[in-house]
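Peer 1: quick one, fold the following:
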Amino acid sequence: VQLQASGGGLVQAGGSLRLSCAASGRTFSSAGMGWFRQAPGKDREFVARIDWNLGSTLYADSVKGRFTISGDNAKNTVHLQMNSLKPEDTAVYYCADRRLGRTHYEYWGQGTLVTVSS
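Peer 2: Below you'll find the predicted structure:
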């Protein structure tokens with residue numbers, strides 16, 4: 001599977017961005033997709049996930065109430081609406097895909113850079 005993330009860019013603090021990720025060439029059943037991010041000099045961290053079975057979502061505490069994940073398994077797409085952006089949200093954002101029956105994400109996109117200026 002190939003994951004193509006898009007929508008990153010430069011935005012002022014308080015602004016919004018919408019990230020999108022499209023999966024292609026998937027030959028397995030997906031359990032769900034997620035977004036992760038990696039800021040300069042820091043480890044990659046979880047941001048949000050959506051599970052296709054019940055449509056349930058989960059967010060990191062740092063983005064709860066500001067970010068919204070959505071997606072369509074049939075269309076192989078996932079989105080991340082990011083509002084009230086803060087400079088500390090600056091990072092490369094990666095989408096990931098999780099195979100049904102697996103607990104970890106095996107497939108990753110190339111990342112899209114989000115820069116939030118103060």
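Peer 1: now do the strands in the protein.
Peer 2: 2-6, 9-12, 17-24, 30-38, 45-51, 57-59, 67-72, 77-82, 91-99, 107-108, 112-117 (DSSP state E).
Peer 1: now the residue sitting nearest the centre point of the chain: closest residue in space, sequence neighbours ignored.
Peer 2: Closest residue to the average C-alpha location of the chain: Trp35 at 2.4 Å, with C-alpha atoms, centre = their mean. The shortest distance from Trp35 to any non-neighbouring residue, by C-beta to C-beta, 6 or more residues apart in numbering, is to Val47 (4.3 Å). From N, CA and C alone the C-beta is placed, and that goes for glycine too.
Peer 1: confidence score at the residue nearest to the centre of the chain?
Peer 2: On pLDDT, Trp35 comes in at 98.
Peer 1: about what we covered before: ok, the residue nearest to Trp35 touching Thr68?
Peer 2: No: judged on C-beta atoms under 8 Å, Val47 makes no contact with Thr68 at a distance of 11.2 Å.
Peer 1: okay, and the common contacts of those two?
Peer 2: Overlap of the contact sets of Val47 and Thr68 (by C-beta atoms under 8 Å, 6 or more residues apart in numbering) consists of Leu80.
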